[in-house]
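Student: Sequence below, structure please.
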Amino acid sequence: MRPVIGITTYVEPATWGVWRDLPTALVPHDYVAAVSAAGGRVVLLPPDDMDADILRVLDGLVLSGGADLAPDMYGAQAEPLTVTRPERDSAEILLARVALAQDLPVLGVCRGMQLLAVAAGGALHQHLPDVLRHEGHRPAPGVYGKQEVSFIPGSRVAGLMGEDRSVHCYHHQGVADAGSLTVTGRTNDGLIEAVEDPEMTFVLGVQWHPEVVWDKRIFGALVTAAASNG
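Tutor: A predicted model of the protein is given here:
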């Protein structure tokens, strides 16, 4: 049986066919395709903060991208451009903490990496242009930025990426403090771009979007770890 990988979903107004602005649990299909292409079987996880019992039947977890995390999760006040989804926050921080406690293989993408950092006791920059003085990580609505990343030699992500340093990103927040996680990648402007826990079977967070290119290096590593876990 293929490893079963859970992917967290958004709840957003969506329009299709005769339906208009219907609250919908969804995630870009690239996440599903990337996991499937790497050999995993996908289960989509809408927000649910009652418990983390679903993790019992999963071999791995993807924390997907999306809206900003609520700043009160890391002891800060919301700034003007911070837009949150509280029900996602409460559901996914529970999944993240329990998955880490159980050593379940976890991949965090963009918001998902930020969630891993917060779950590990870290904190975020709420609006990067205020910190970095440029818009390069989210150049325009719906337009991915391109960044070059330097990886720590010997890290898991360095081994996966090889000589490839170019990534696609789309975010206006970023990790300021990775908590107990190890920072293993940064962009040229110093922003944290990858985090890991080398003591765990597989815990990797990437600030970029490997799903848009169905990156078998990143998703394949998750699926391989999940297969061993299962």
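Student: Distance from the chain centre to whichever strand or helix holds residue 98, please.
Tutor: Under the criterion of DSSP states H and E, residue 98 resides in helix 86-101. Its chain's average C-alpha position is 12 Å from that of helix 86-101, according to C-alpha atoms, centre = their mean, to the nearest Å.
Student: who does it touch, helix- and strand-wise?
Tutor: Packed against helix 86-101 by the contact rule (3 or more C-beta pairs under 8 Å, 6 or more residues apart in numbering; DSSP states H and E) you find strand 4-8, strand 10-16, strand 60-63, strand 106-109, helix 111-119. In short, each C-beta sits where N, CA and C put it, glycine included.
Student: Low-confidence stretches in the chain?
Tutor: 230 (pLDDT under 70).
Student: which residues sit against the helix holding residue 98?
Tutor: By C-beta atoms under 8 Å, 6 or more residues apart in numbering, the residues outside helix 86-101 that reach it are 8, 10-11, 45, 47-49, 51-52, 54-55, 61, 63, 66-67, 69-70, 73, 106, 108, 115-116, 118-120, 197, 200, 203.
Student: Can you give me the buried ones in it?
Tutor: 88, 89, 91, 92, 93, 94, 95, 96, 97, 98, 99, 100 (16 or more other C-beta atoms under 10 Å).
Student: Same check on stretch 5-21?
Tutor: 5, 6, 7, 8, 9, 10, 11.
Student: check contacts around the third one.
Tutor: It stands for residue 7. By C-beta under 8 Å, 6+ apart, the neighbours of residue 7 are 27, 31, 32, 35, 42, 43, 44, 45, 61, 62, 64.
Student: Mind telling me the two of those farthest from one another?
Tutor: 32 and 61 (14.1 Å; C-beta to C-beta).
Student: Same drill for the two, tell me which one is more crowded.
Tutor: Between residue 32 and residue 61, residue 61 has the larger neighbour count (other C-beta atoms under 10 Å), namely 29 against 17.
Student: Any idea how many residues pack against residue 71?
Tutor: 18.
Student: so who does it touch?
Tutor: Applying C-beta under 8 Å, 6+ apart, the residues near residue 71 are 77, 78, 79, 82, 124, 126.
Student: Widest-spaced pair of those?
Tutor: Taking C-beta to C-beta, no two of the contacts of residue 71 sit farther apart than 77 and 124, at 12.4 Å.
Student: Those two: which is more packed in?
Tutor: Taking other C-beta under 10 Å, residue 77 and residue 124 do not tie; residue 124 has more neighbours (24 against 8).
Student: Show me what the more buried one is bridged to.
Tutor: For residue 124, the beta-bridge partners under DSSP bridges are residue 175.
Student: Likewise for residue 168?
Tutor: Residues in beta-bridge contact with residue 168 (DSSP bridges): residue 146.
Student: That one: what's it in contact with?
Tutor: 144, 145, 146, 208, 209, 212, 213.
Student: can you give me the helices for the chain?
Tutor: Shown for the chain, the helices assigned by DSSP state H span residues 29-37, 86-101, 111-119, 128-132, 156-161, 216-229.
Student: In CSV: those, plus distance to residue 192.
Tutor: Formatted as CSV, the helices of the chain follow (distance: least, C-beta to C-beta, whole Å):
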stretch, distance to residue 192
helix 29-37, 22
helix 86-101, 17
helix 111-119, 8
helix 128-132, 11
helix 156-161, 12
helix 216-229, 17
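Student: Pick the most buried one from the ones you listed.
Tutor: helix 111-119 (a mean of 28; mean count of other C-beta atoms under 10 Å).
Student: That one versus strand 4-8: what angle between them?
Tutor: 90 degrees (axes from the mean of the first three to the mean of the last three C-alpha atoms, to 10 degrees).
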